[in-house]
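Engineer: Turn this into a model:
(2 chains, ligands or ions: 3)
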Amino acid sequence: MADIILNKIYVKVWRQNSPKAKGRFETYQVENVSQGSSFLEMIDILNDKLILEGKDPIAFDHDCREGICGMCSMYINGHAHGPDTEVTTCQLHMRKFHEGQTIVVEPWRAAAFPVIKDVMVDRSAFEKIQQAGGYVSVNTGGVPDGNVILIGQDDAEEAMDAAACIGCGACVATCKNSSAMLFVAAKVSQFAKLPQGKVEAKKRAKAMVAKMDELGFGSCTNTGGCELACPKSISIAHIARLNREYLSAKLSD
Amino acid sequence: MSSFMSASIGRKFFMSITGLFLISFLIIHLTLNLFLTFDDSGTLFNLAAHFMATNPFIRIMEPLLSLGFVIHIIWSGWITLENMRARPQKYEYGDQQLSWWAPSKNMFILGSMVLIFLVIHLTNFYLKMKFTGDPLLSSVNIDGTEMHNAYALVSSLFMNKGYGLLYIAGGILVGLHISHGFWSAFQTIGFSNQVWLKRLKAVAVTVGIVFAVGFSYIPIYFMIKF
Ligand code: HEM
Ligand code: SF4
Ligand code: FES
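Structural biologist: Numbering: from 1, shown residues only, chains lettered A, B, ... in the order given. Ligands and ions are numbered 1, 2, ... in the order given. As a prediction, the model looks like this:
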């Protein structure tokens, strides 16, 4: 099946020259876009045009373009990562849009994710949360023989589900409180179910939550938008686990 | 402890505990009010109201309940304000992930409307019964015990169409608040997982509907019957 060509679409995008500068929306016309192209390819086409016209191309984050690095952060028509489900912006295709449509592209909006330029935001707050406790630092010895440490199938599955988080920040972008709870919950959950992670579980939950609060993310009101926007379908059941880990850690202080 | 009080999860912990406490109060409140519709002579309701006004356990719970409300309301304002600060710039295109009316997105607005209702409600009933008195409250004698004729005051208000409609609105608002609040409170204290999340959400909607329908039924009963 040949791809349908969108003759004309409009991209209304946030332009901001620097972190401190005042931003504004600009609307650009993009012609002859195949519905088979990805959203970022469409932005590439637009940027080529802008460069030829002597204008500043739109700055945006991207790296792997296959949904694993979590760099591509765009808030498209009121949805983090656009109107498709379980995909990142780089995996979003133009077949989700139609002829003549105006597509609104905004950066992630959160006090903790300041805009660097245009739709590119500084997500290093996530790194700081990770550095506060998202690791295992106890000596676990040499590589053990297979099946020496037995882990139940359910626990292994849940830990793996949590570990699927790519740190893209769509949860923060979607949450009306710009809360990072889904991200932190995933990072705490991926260790909480495993014996290597349990040793530092209490310290980890407390340190990561304290860092998250310090960096200016909002608090979770269990609104539930985050799990719908998450490209990896991280469940808010992990947030319940984080709450449990944190409260029991605080209780045993 | 102070770090717990100001931590995001710590703050939410207080919302959850007070919220669940308020729900348990509402269950008793609804049950008692339904007595209004079981016995049109008012004896059953007057006995229940008298029991509530004199039982020592209930007397202890009353100031605790007020405290629960105060904490719930102050904390809700505090959390909502901090959360607004975390998103200084809104989206041009809004948030299309959840519909605009989703209770989970509107807890503060729903809560505030419940609060407005609550103030009107308290001035109409509680204030009169406890402090100012009302000609309708003249005492009755049931099985040798003198007590307020609470039924006369309450039923006269419910027969008023305007008040009846306001009461129905209050019931629906609190029902919506709880259709999210109920499961949310369990989530906050960590009592949930993949399986229980679905169950709690279903129970929350059921509890919300029971409150909305239950509280609305009383004025409707009076409007139709009298
Ligand atoms: C009888 C009355 C009320 C009941 C039964 C009730 C119950 C609840 C429950 C169970 C929660 C969930 C707590 C959690 O997520 O952990 C909640 C949340 C909330 N309530 Fe109420 N509430 C009542 C009145 C109010 C009032 C008067 C206000 C404010 C003016 C209010 C504002 C809020 C807000 C903003 C939240 C969300 C807070 C958050 O998720 O962080 N509520 N309520
Ligand atoms: S939880 Fe989901 S939305 Fe949030 S950072 Fe991880 S992958 Fe992205
Ligand atoms: S560019 Fe790597 S996930 Fe989109």
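Engineer: give the contact list for the nearest residue to B:Leu26 once chain neighbours are set aside.
Structural biologist: If the residues on either side of it in the chain are set aside, B:Leu26 comes closest to B:Phe211, at 6.3 Å by CB to CB, 6 or more residues apart in numbering or on different chains. No exception for glycine: its C-beta is placed from N, CA and C like everyone else's. By CB atoms under 8 Å, 6 or more residues apart in numbering or on different chains, the contact set of B:Phe211 is B:Leu26, B:Leu30, B:Gly171, B:Val174, B:Gly175, B:Ile178.
Engineer: try 10 Å this time
Structural biologist: With contacts defined as CB atoms under 10 Å, 6 or more residues apart in numbering or on different chains, B:Phe211 is in contact with B:23, B:26-27, B:29-30, B:171-179, B:182.
Engineer: PyMOL command for the buried members of these?
Structural biologist: The PyMOL selection below is limited to those of the contacts of B:Phe211 classed as buried (16 or more other CB atoms under 10 Å in any protein chain shown):
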select buried, chain B and resi 23+26+29+30+171+172+173+174+175+176+177+178+179+182
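Engineer: From the contacts of B:Phe211, which land in helices?
Structural biologist: Among these, the ones falling in helices (DSSP state H) are B:23, B:26-27, B:29-30, B:171-179, B:182.
Engineer: quick check: mean pLDDT across the longest helix anywhere in chain B?
Structural biologist: Longest helix of chain B, by residue count under DSSP H: helix B:194-225. Averaging pLDDT along helix B:194-225 gives 96.
Engineer: got the buried residues for stretch A:149-164?
Structural biologist: A:Glu158, A:Ala159, A:Asp161, A:Ala162, A:Ala163.
Engineer: what separates the nearest residue to the last one once chain neighbours are set aside from A:Cys175, distance-wise?
Structural biologist: Leaving aside its sequence neighbours, A:Ala163 sits nearest to A:Gln190 (CB to CB, 6+ apart; 4.1 Å). Plainly put, A:Gln190 is 20 Å away from A:Cys175 if you go by CB to CB, to the nearest Å.
Engineer: Where does whichever residue of the stretch 1-150 of chain A sits closest to ligand 2 sit: helix, strand or coil?
Structural biologist: Taking CB to the nearest ligand atom, ligand 2 has its nearest neighbour within the stretch 1-150 of chain A at A:Gly70, 6.1 Å off. Secondary structure, DSSP: H, G, I helix; E, B strand; the rest coil: A:Gly70 is coil.
Engineer: ok, it - contacts?
Structural biologist: With the criterion set at CB under 10 Å, 6+ apart, A:Gly70 makes contact with A:61, A:63-64, A:88, A:90, A:123, A:126, A:165-170, A:231-232.
Engineer: Could you report the separation of it from A:Ile76?
Structural biologist: A:Gly70 is 16 Å from A:Ile76, by CB to CB.
Engineer: first vs last residue of stretch A:15-25, how far apart are they?
Structural biologist: Across stretch A:15-25, the terminal residues are separated by 6 Å (CA to CA, to the nearest Å).
Engineer: Contacts made by that stretch with the rest, please.
Structural biologist: With CB under 10 Å, 6+ apart as the criterion, stretch A:15-25 contacts A:12-14, A:26, A:28, A:55-56, A:58-59, A:104-107, A:114-122, B:89, B:92.
Engineer: What subset of those is buried?
Structural biologist: If we count by 16+ other CB under 10 Å, the contacts of stretch A:15-25 have these buried: A:12-14, A:28, A:58-59, A:104-107, A:114-121.
Engineer: Check whether stretch A:214-224 comes into contact with ligand 2.
Structural biologist: No - judged by CB under 6 Å from any ligand atom, stretch A:214-224 and ligand 2 are separated, with a smallest distance of 11.6 Å.
Engineer: Which residue is the nearest non-sequential neighbour of residue 137?
Structural biologist: Let's take chain A. A:Glu200 (6.8 Å).
Engineer: meant chain B actually
Structural biologist: What sits nearest to B:Leu137 in space, not counting adjacent residues and going by CB to CB, 6+ apart, is B:His148, at 5.0 Å.
Engineer: Alright, that wraps it up for me.
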